[in-house]
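Asks: structure, please.
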Amino acid sequence: MTFRFMNYIKRSGRTEKTGGVIINFLNSPKFLIFLLLIAFIIIPAQALSPLWVSNLTEIDQDIQDTSGRHFLLFLAISDDGKTIAAASFDGSIYLMNETGEVLRNITGGNKSSEILSFSLSSDGNFLALSSVSSGPPLNPLNLPKNITLMDRNCEELWNHPTRTFVYDSKVSSDGLFSVFGDYENITCVDRNGSILWIYPVDALVLSLDIPDNCEYIVAVTDNQKAFCLNRSGSVVWENKFRSPYDIKISADGNYVCLTTYLRKMYLMESTGTPLWNKTLPPGTKFAKSGISYKGDEIVVRTTGAVLGYDRSGLLKWNYTTEYQQSLTHPISAPIFLLSKDGRHSIVAANDSLLLLDGEGNETGSFSFDEKIYGVAISSDGSKIAAITSDELYYFDNPDAELKDSVAVPEDNLQTTNTEEKTPPATETKQSPLPELIIIFSMGLAVFFRVRP
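Replies: Numbering: from 1, shown residues only. Presented below is the predicted three-dimensional model:
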């Protein structure tokens with residue numbers, strides 16, 4: 001900073017006063033005020049550093065990874081952020097606490113199996129997963145396939161074979177129900193391993209979700225269907241959508257959000273009543289949505305932006321970013337999530353991690369040395385985890401500490417009709433750093449102007 005001001009003074013033709021100007025400048029109360037403003041405004045909006053980093057794949061010392069399959073691909077975190085679960089593609093599972101200690105580890109690399117889906121209960125006590133035994137690729141359909149429930153000690157509570165590949169699984173908050181979606185069926189199993197029901201779908205389950213208590217099961221399939229089942233396996237509703245892609249249900253089980261390959265997003269009640277639909281920005285190829293606990297906040301990650309809506313369909317904010325959406329492994333952990341309280345979004349884009357608050361402001365960022373393969377966030381947004389191919393990063397979210405961790409539901413919001421509405425003019429938000437630099441540069445010109 002001193003070097004730049006010396007150059008400025010020389011260019012101004014005032015080299016005779018350089019020494020005195022610099023000394024007065026450094027001792028100026030205005031300069032101290034400027035530094036304080038920098039510390040309190042610019043730095044907190046940009047600073048994010050991990051509490052710890054763990055190279056998990058180094059734990060499995062006896063694995064000779066000649067196949068290139070021993071890399072992290074799955075990640076989950078409990079609601080309180082105190083239990084973190086990760087898994088590698090070739091079957092190693094790691095259960096950790098908030099200090100980075102590995103509580104349990106299953107080394108799976110020498111078992112010739114691959115994990116296809118992975119889910120942690122919100123209380124952190126149960127893991128539901130699906131896997132397939134690896135073997136010669138001549139006839140993969142004949143390879144043994146399984147669905148499994150484990151406790152927090154990574155002990156199997158039950159294990160069932162399946163006919164086809166299972167690419168999505170979810171477990172209820174207390175582990176009482178586990179739900180799996182494959183090419184033929186959706187299967188619900190209780191904690192004791194009893195298969196409660198099997199619902200035929202006759203197409204690949206593309207996306208599957210349940211609320212905390214598993215009162216409903218929502219899914220979209222590769223034959224353009226979306227449907228909702230109750231806990232008994234009976235159909236609540238079923239509809240056709242053009243190219244459905246992703247579906248989410250609020251944790252209280254009352255609202256469902258669905259996105260399609262054709263830039264459409266829908267919000268409906270869990271009873272099937274449509275509330276509104278939106279057309280997403282041009283250029284959107286893949287859209288992932290998040291919905292808060294009571295459905296009062298809906299956030300969607302598109303190719304070049306993150307959009308925030310309220311329950312009535314009002315576009316509240318639009319955060320544009322130069323970071324393009326990552327195209328990760330098709331069965332990997334999510335690369336975008338909204339915290340259950342609706343106040344924090346975490347966005348992974350290649351080797352960059354961004355944090356947004358409930359108003360679409362960027363509150364933190366972090367650059368990795370390699371591509372991010374998955375993210376996870378606690379229910380109040382205070383704890384964040386991310387994985388690369390072999391390392392797990394764990395963060396505190398400083399912005400969450402400044403906010404009340406209990407979300408206030410907007411119970412009085414009125415729903416709109418099913419016709420798409422033209423969104424109101426909404427401020428497009430970007431990283432605040434360039435604007436702040438301009439503002440402070442102007443401030444410098446006024447505060448530290450050298451007078452003859």
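
Asks: output the below-cut-off pLDDT ranges for the stretch 101-250 of the chain.
Replies: Residue ranges of the stretch 101-250 of the chain with pLDDT under 70: 109-112, 135-141.

Asks: going along the chain, name the strands of it.
Replies: Counting by DSSP state E, counting those that start in this stretch, the stretch 101-250 of the chain has strands at residues 102-106, 113-120, 126-133, 145-151, 156-162, 166-171, 177-182, 185-190, 195-200, 205-209, 216-221, 225-230, 235-240, 244-249.

Asks: partners of the second one, with directions?
Replies: In other words, strand 113-120. When pairing is defined by DSSP bridges, strand 113-120 lines up against strand 126-133 (antiparallel).

Asks: so who does the residue nearest in space to the middle of the chain touch?
Replies: The residue lying closest to the centre of the chain (CA atoms, centre = their mean) is residue 337, at 2.4 Å. The contact partners of residue 337, taken as CB atoms under 8 Å, 6 or more residues apart in numbering, are 290, 345, 346, 375, 376, 377. All C-beta atoms are positioned from the backbone trio N, CA, C, and that covers glycine.

Asks: partners of the fourth one in the sheet?
Replies: It refers to residue 375. residue 386.

Asks: please apply the same query to the first one.
Replies: As for beta bridges, residue 290 partners with residue 299 under DSSP bridges.

Asks: surely it touches residue 341?
Replies: No: counting by CB atoms under 8 Å, residue 341 is not a contact partner of residue 290; they are 11.4 Å apart.

Asks: circling back: now the contacts of residue 337 as TSV including neighbour count?
Replies: Converted to TSV, the contacts of residue 337 look like this (neighbours: other CB atoms under 10 Å):
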residue	neighbour count
290	23
345	26
346	26
375	21
376	25
377	27
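
Asks: can you add distance to residue 159 and pLDDT and give the residues you listed back as JSON lines?
Replies: Output for the contacts of residue 337, formatted as JSON lines (distance: CB to CB, whole Å; pLDDT from 0 to 100):
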{"residue": "290", "distance to residue 159": "32", "pLDDT": "97"}
{"residue": "345", "distance to residue 159": "36", "pLDDT": "97"}
{"residue": "346", "distance to residue 159": "32", "pLDDT": "96"}
{"residue": "375", "distance to residue 159": "29", "pLDDT": "97"}
{"residue": "376", "distance to residue 159": "25", "pLDDT": "98"}
{"residue": "377", "distance to residue 159": "30", "pLDDT": "98"}
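
Asks: looking at the residues you listed, which one is closest to residue 87?
Replies: Of all the contacts of residue 337, residue 376 has the smallest distance to residue 87: 12.3 Å, by CB to CB.

Asks: list the contacts of the closest residue to that closest one other than its chain neighbours.
Replies: Ranked by CB to CB, 6 or more residues apart in numbering and with sequence neighbours excluded, the top spatial neighbour of residue 376 is residue 77, at 3.9 Å. Contacts for residue 77 (CB under 8 Å, 6+ apart) come out as 83, 84, 85, 120, 376, 377, 378, 383, 385.

Asks: if I look at residue 77, how far off is residue 188?
Replies: For residue 77, the distance to residue 188 equals 24 Å [CB to CB, to the nearest Å].

Asks: how many neighbours does the nearest residue to residue 219 once chain neighbours are set aside have?
Replies: Nearest residue to residue 219, sequence neighbours excluded (CB to CB, 6+ apart): residue 208, at 4.7 Å. Residues lying near residue 208 (other CB atoms under 10 Å) number 23.

Asks: picking that back up, quick check: phi and psi at the residue nearest to residue 376.
Replies: Phi and psi for residue 77, reported as degrees, to the nearest 10, are phi -140, psi 150.

Asks: please apply the same query to residue 57.
Replies: According to degrees, to the nearest 10, residue 57 has phi -70, psi -20.

Asks: please name the nearest non-neighbouring residue to it.
Replies: residue 390 is the one closest to residue 57 (CB to CB, 6+ apart), at 4.3 Å.

Asks: quick check, that neighbour in contact with residue 54.
Replies: No: applying CB under 8 Å as the test, residue 390 and residue 54 come out as separate, 9.6 Å apart.

Asks: of the two, who's got more company?
Replies: Ranked by neighbour count (other CB under 10 Å), residue 390 and residue 54 place residue 54 first, with 21 against 16.

Asks: secondary structure element for the more buried one?
Replies: Using DSSP states H and E, residue 54 sits in strand 50-55.
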